[in-house]
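> I'd like to go over a predicted model; first the sequence, then the structure.
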Amino acid sequence: MSSKSVEQIKERLPIADVVSTYIKLDHAGANMRGKCPFHNEKTPSFMVSPGRNSYYCFGCGAKGDIFTFVQEFEKLDFKEALKMLADRAGVILESYRDPVTQKEDDERDRLRKIMEAATSYFEGELSKDTHTLDYLHTRGLEEKTIKEWRLGSTKKGWSNLYDNLKVIGYTDADIEKAGLAKKGNHGFYDRFRSRVMFPIFDPTGKVIAFTGRCKEWEAEVKNDKETGEEIKDAKYLNSPDTILFDKSRTLYGFHVAKTAIAKWKYSLLVEGQMDLLMCQQAGFNNAVATSGTALTRQQLEMLGRFSKNLLIAYDGDKAGVEAARRAWTLALSLGIDVKIAPISLGDDPADIIKKDPSIFKEIVKKGMHIVEFYLKALMSRNLGERELGKEIESEILPYIKAIDSPIDQSHFITLVATRTSIKEEALIAALRKTPPPGATVPTTFVAKLRETKISDTVLSQQHSSKHRLIAGTYLILHNEEKAKAYIENAEEIKDELQFVVEEWLAKSGQTPEVYLNDLLKFEEKEKLQKELKEAMREYLKSEQDGDSVKAGEFLKRSDEIRIGLAQYG
């Protein structure tokens, strides 16, 4: 990849155009500003400079150009980001070799090819497996969905896939690194055997892992040698983490859903592959799934980049309700607004959609805030007055406490009071003593949600200390040497320094030259004020010591400093 091609891409794709396809940007003087996509914030601190074709976030320190932005946002390596942007810019890439990262890139490429070969093998096996196809059709999946999502099958046998990959020419080491085979006492054997196979995709749609569902109709009965009890295979088996796959940062269906999430302004979160596939098939294109694992902060951050609204449609059983509770608590800490779909006990999205997609559509429309959701469930238990009060205090008030908005808190206090006949005064008093929900969530996390604004007072903001401002202004005026005299590593943090100054220039309407002059005057004034304070301290000390000569000298010095200060007003 030549530098010429990189420059061509940059010329054809202004950074503001690239970034604005992911987040909303507003004009801020010569720059543009928006909420950072790489950390949670309420006050926009993410700055984009069209002039320098770069970005910088004052909240988390993220910075770079269009390539680093796409890498971070899409979770791609440099090579993938280059290709994506080259395709968008209409630039044909030449071969690229980066000696530093090439070894890892080569390994990624090999493993991706293995995952593609495995997916094709599983698809071929499914086309011959009428029993598994019948099962998928019975569950409600159409042939089109099966093909689009590249579902597959594995048959009985210890090394069917492994043998196939070896014939193609892949090595034992790479097959094992891809998470497709394990080494036993008698050689390598397939990780996935006698399972329905669901490929898991990265944000660009490449297969990076699998989930295999046990075929009950093929399962062999095994018994524990000591107890004699029946041993059952795990219903679902996931790929291990690899260089391609990190389960804490992957959501099933995200590669398809991200565009719809941004368009519809909310994510629909379900639990498993079948729920996700039935949702997508029925037109709920903003649906993603956790694939049977607990929802993580990283997964919520992925969703939050596209929308801060989340509707959870987990199964209506106890485990589903508890998983929704944990997800809501974690989402709140990231500033994501969550609603719960009221799915009845024993139901799940896949079965509801199979029966009638319009029923699920109505359930989605009826999504309710978690306080309403749990209050409704609590009221259905017909508890006595005292017991109901205790449950409200332990189960409902923590969620009201966790809400950041006092107005929303007041709304839900009134709602609880109206439906339970508990006086609002009593609820408010109890609320004051109530910690937010979740033992894993710090009791101070609501306070942490309140992001600090970029101050309107120049010298009170961390990034706007006097020397940083002076250095930044010198950089704008292309005087790097003088900038280094104030900030030694000015070149390394050039974007940060310039963005700060540009913000204040936009607010004040001053030119860089006038602004620099004011800053230098202010610095000199501060210096003289310190000298005056020191001279007066020495004068008083000399007076106390009875040294009239020294006292006279310091008094004279004080007068000279005052004359110097007078010119600064």
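Cool, got the structure.

> start to end distance for stretch 417-432?
Length of stretch 417-432, first residue to last, C-alpha to C-alpha, to the nearest Å: 16 Å.

> and the longest helix along the chain, how far out from the chain's middle?
Looking across the chain with DSSP state H, the single longest helix is helix 512-545. Relative to the chain's own centre, helix 512-545 is displaced by 47 Å; criterion: C-alpha atoms, centre = their mean, to the nearest Å.

> tell me which residues of that helix come out buried.
512, 515-516, 519, 522, 528, 531-532, 535, 538-539, 542 (16 or more other C-beta atoms under 10 Å). To be clear about C-beta, it is placed using only N, CA and C from the backbone, and glycine gets the same treatment.

> quick one, the very next helix or strand once past it and helix 512-545 angle?
Following helix 512-545 in sequence order, the next helix or strand is helix 548-566 (DSSP states H and E). Relative orientation of helix 548-566 versus helix 512-545 (axes from the mean of the first three to the mean of the last three C-alpha atoms, to 10 degrees): 160 degrees.

> what are the buried residues along helix 548-566?
Buried residues in helix 548-566, counted by 16+ other C-beta under 10 Å: 551, 554, 557-558, 561.

> quick check: domain ranges of the chain?
Listed domain ranges for the chain are 3-89, 102-245, 246-354, 368-449, 458-509, 520-566 (source: automatic domain parsing).

> picking that back up, the buried residues of helix 548-566 into TSV, with extra columns for distance to T250?
Shown next, in TSV, are these (distance: C-beta to C-beta, whole Å):
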residue	distance to T250
A551	75
F554	70
R557	69
S558	69
I561	65
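
> quick one: which of those residues is nearest H478?
Of all the buried residues of helix 548-566, the one with the least separation from H478 (C-beta to C-beta) is I561, at 34.7 Å.

> give the full set of residues in contact with the closest residue to the closest one other than its chain neighbours.
Nearest residue to I561, sequence neighbours excluded (C-beta to C-beta, 6 or more residues apart in numbering): L532, at 4.4 Å. Going by C-beta atoms under 8 Å, 6 or more residues apart in numbering, L532 touches 558, 561-562, 565.

> so how far is D545 from L532?
Distance, L532 to D545, using C-beta to C-beta, to the nearest Å: 20 Å.

> ditto for G367
As judged by C-beta to C-beta, G367 and D545 stand 79 Å apart.

> dump the contacts of L532 into a markdown table; add pLDDT as well.
Converted to a markdown table, these look like this (pLDDT from 0 to 100):
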| residue | pLDDT |
| --- | --- |
| S558 | 80 |
| I561 | 82 |
| R562 | 76 |
| L565 | 73 |
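
> next helix or strand past the least confident helix or strand in the chain by mean pLDDT?
Ranked by mean pLDDT, DSSP states H and E, the helix or strand of the chain with the weakest confidence is helix 445-449, at a mean of 28. Remark: after helix 445-449, the chain's next helix or strand is helix 466-476, criterion DSSP H and E.

> what's that next one in contact with?
Outside helix 466-476, the residues that touch it by C-beta under 8 Å, 6+ apart are 458-459, 480, 482-484, 486-487, 490, 494, 497-502, 504, 512, 515-516, 519-520, 522-523, 526.

> rewinding a little: lowest-confidence one in the buried residues of helix 512-545?
On pLDDT alone, Y539 ranks lowest of those, at 76.

> correct me, but that residue touches K556?
No: with contact defined as C-beta atoms under 8 Å, Y539 does not count as touching K556 (9.5 Å).

> bridge partners for the residue lying closest to Q273 once chain neighbours are set aside, pull those for me.
Leaving aside its sequence neighbours, Q273 sits nearest to F198 (C-beta to C-beta, 6+ apart; 4.5 Å). Counting by DSSP bridges, F198 forms beta bridges with T211.

> F198 contacts F192, correct?
No: counting by C-beta under 8 Å, F192 is not a contact partner of F198; they are 10.4 Å apart.

> how close does E538 sit to S548?
For E538 relative to S548 (C-beta to C-beta), the value is 13 Å.

> correction: L136
From L136 across to S548, the span is 102 Å (C-beta to C-beta).

> for stretch 117-136, buried residues please.
Quick answer for stretch 117-136 (16+ other C-beta under 10 Å): 117-119, 121-123, 125-126, 129, 132-133, 135-136.

> that should have said stretch 337-346, apologies.
By 16+ other C-beta under 10 Å, the buried positions in stretch 337-346 come out as 337-343.
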